[in-house]
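Novice: Okay, here's the prediction I keep looking at, along with the sequence it came from:
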Amino acid sequence: EVLTLLVLMYPLLWGLALHLHSAVTGSYIPGTHSIAFVNCLNEQIARDIARAIMDKKLAAYVNILPKSSALYFWKGELEESTEILLLVKTRTSKIGELSNYIRSIHPFEIPEIISLPIDQGNPLYLKWIEENVPRD
């Protein structure tokens, strides 16, 4: 029973050890923050979604990239369109909530919401993200 408990507790204990190490050494734990990519039909929708994300404090920073061409399959057909892309910088722990919120306000039936963990970066910038996105 003790062994089972230790095995079940290992991920939690390891996570706590990493956070303690990070706090003591000031080092960044890879994957603590993420960049989410969100596609939007036009600039107005992109701005509205970006502002809504910021108002809910689900991100520290959102880039609104200019119009780009997109090719994709939709309902079995090859489609071509233009879109605006959002780059959303946030805590990895907020990605689920961010995704749910965007899906609730996005006009697309299946909006693109994908994220990649941030492996490394400017420590001061990463700390700034942390300070501007509240913990869960």
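Specialist: Yep, it's here.

Novice: which residues in the protein form strands?
Specialist: 33-40, 61-74, 77-91, 113-117 (DSSP state E).

Novice: Mind giving me the packing neighbours of the first one?
Specialist: Okay, so that is strand 33-40. helix 43-55, strand 77-91, helix 95-105, strand 113-117, helix 123-132 (3 or more CB pairs under 8 Å, 6 or more residues apart in numbering; DSSP states H and E). Placement of C-beta: from N, CA and C, glycine included.

Novice: same check, this time on the third one
Specialist: Based on contacts counted as 3+ CB pairs under 8 Å, 6+ apart, the elements that strand 77-91 packs against are strand 33-40, helix 43-55, strand 61-74, helix 123-132.

Novice: So which of the strands of the chain is the most surrounded?
Specialist: strand 33-40 (a mean of 22; mean count of other CB atoms under 10 Å).

Novice: partners of it in the sheet?
Specialist: strand 77-91 (antiparallel), strand 113-117 (antiparallel) (DSSP bridges).

Novice: average pLDDT for it?
Specialist: On average, the pLDDT along strand 33-40 is 98.

Novice: got the domain boundaries for the chain?
Specialist: 1-28, 31-132 (the TED database).

Novice: Mean pLDDT lowest where, among these?
Specialist: Across the domains of the chain, domain 1-28 has the smallest mean pLDDT, namely a mean of 59.

Novice: Quick check, Glu79 in contact with Tyr72.
Specialist: Yes - applying CB atoms under 8 Å, one finds Glu79 in contact with Tyr72, separated by 5.6 Å.

Novice: Can you tell me the centre-most residue of this structure?
Specialist: Among the residues of the chain, the one closest to the centroid is Ala36, at 3.9 Å (CA atoms, centre = their mean).
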